[in-house]
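Asks: Got a predicted model here, sequence first, then my questions.
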Amino acid sequence: MSASKTLGPVARAVRSGDNREALEAVRDKLAHEIDLVGEDDRERLAPLTGRLLEVLRALDDIAEPEVSRKDELRRRREDRRAAAGAAPRFLSRPSAASTAGPEAVELAMSAGLVLLPWQELVLDAALAETAEGFCASFEVALVVPRQNGKGGVLEAAELYWLFLDDAVDLITHTAHRFDTSLEHFTRIRTLVETTPELMAEVKGFTTATARSGSSFATERGSSSKARSKGGGRGFSGDRVVLDEAYYINDLGSLLPTMSARPDPQLWWTSPGPVGGGRVECFAEDHRPWSCG
């Protein structure tokens, strides 16, 4: 008989060096033999059954390979990447020397926030930097239909600003209604509180009224507030997010105030233009994601 004959499943499993795989192959072989013997042949059945029980106990003693939280999140991310295309209908992005997008994506993933490819693309464009390390875009606009992941982009960006961006001292997030603003703040807070490495850097949280808003502080500060309909007055920061910006037509002193900051960036987000609002200019220009 040739020594190079095809190996059976048990021999292949043993040669692989994987104890679990070898035991599973023996288990399957014993189960097959028990089926062939039948219940009447107790003399042969007893030792086979006893051996099968030994193998099952040995399998129980071998722990299933542990999957780390990071590996599981990466797997989920890859699954979602396969399920969603990354090409936007319209995209304009500035010329840049580099981008902090991948860092923001990794930080979000470490906090349990798994982004889709198009969300990663937005962050790549929006967090692009010049050779000097400044924001490549002063203004960023994101127009996405409701319930399609706009909030995830903002959460990832704001986590990055809070914990990794040394150029940021103050982040202001506003929405047209206080409950919308509070909901966003709560999502950010939950991501931070469930990530010990981030929570260790938090100095405190405050949740207050519609007038004073909500905030929490790391080495940098973040606040979430409501704004008056159509207005963007009274806000400032190194990063200002005007969520649900379709009604805004009066910025007051916001732009001059932000321009005094060393490296400011203003974000507009909307489910779509409604006419008369500033965000409509981006839609008309076919530049809904990032504008220099």
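Replies: Cool, the structure landed. Numbers count the residues shown, from 1 in each chain.

Asks: Pass me the low-pLDDT residue ranges in the stretch 51-200 of the chain, would you?
Replies: By pLDDT under 70, the low-scoring segments of the stretch 51-200 of the chain are 63-70, 77, 79-87.

Asks: Which parts of it are strands?
Replies: In the stretch 51-200 of the chain, the segments counted as strands under DSSP state E, counting those that start in this stretch are 98-99, 128-129, 139-143, 170-175.

Asks: mind listing what's buried in stretch 192-206?
Replies: 192, 195, 198, 202 (16 or more other CB atoms under 10 Å). C-beta here means a position set from N, CA and C on the backbone, and glycine is covered the same way.

Asks: And stretch 124-133, by the same measure?
Replies: Here stretch 124-133 shows 124-129 as buried, counting by 16+ other CB under 10 Å.

Asks: now those residues in CSV, with distance to residue 74?
Replies: Output for the buried residues of stretch 124-133, formatted as CSV (distance: CB to CB, whole Å):
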residue, distance to residue 74
124, 18
125, 23
126, 23
127, 21
128, 24
129, 25
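
Asks: now, among the residues you listed, which is nearest to residue 154?
Replies: residue 126 (10.2 Å; CB to CB).

Asks: Check whether the closest one really touches residue 157, as I assumed.
Replies: Yes. Using CB atoms under 8 Å, residue 126 is in contact with residue 157, at 6.7 Å.

Asks: Return every residue with contacts to both of those two.
Replies: residue 267 (CB atoms under 8 Å, 6 or more residues apart in numbering).

Asks: tell me the contacts of the closest residue to residue 176 other than its chain neighbours?
Replies: Nearest non-adjacent residue to residue 176, counting by CB to CB, 6 or more residues apart in numbering: residue 244, 4.7 Å away. By CB under 8 Å, 6+ apart, the contact set of residue 244 is 175-177, 180, 269-271.

Asks: Counting neighbours, what do you get for residue 37?
Replies: 14 (other CB atoms under 10 Å).

Asks: if I look at it, how far off is residue 56?
Replies: 18 Å (CB to CB, to the nearest Å).

Asks: And for residue 42?
Replies: 20 Å.

Asks: More neighbours: those two, which one.
Replies: residue 56 (14 against 10).

Asks: Quick check: chain neighbours aside, which residue is closest to the more buried one?
Replies: Using CB to CB, 6+ apart and skipping residues adjacent in sequence, the residue nearest residue 56 is residue 27, 6.6 Å away.

Asks: so the one you found is in which element?
Replies: helix 19-37 (DSSP states H and E).

Asks: by contact count, what packs against that helix?
Replies: Applying 3 or more CB pairs under 8 Å, 6 or more residues apart in numbering; DSSP states H and E, one finds that helix 19-37 contacts helix 9-16, helix 42-61.

Asks: Identify whichever of those lies nearest to residue 74.
Replies: Comparing the helices and strands packed on helix 19-37 by CB to CB, helix 9-16 comes nearest, at 25.5 Å.
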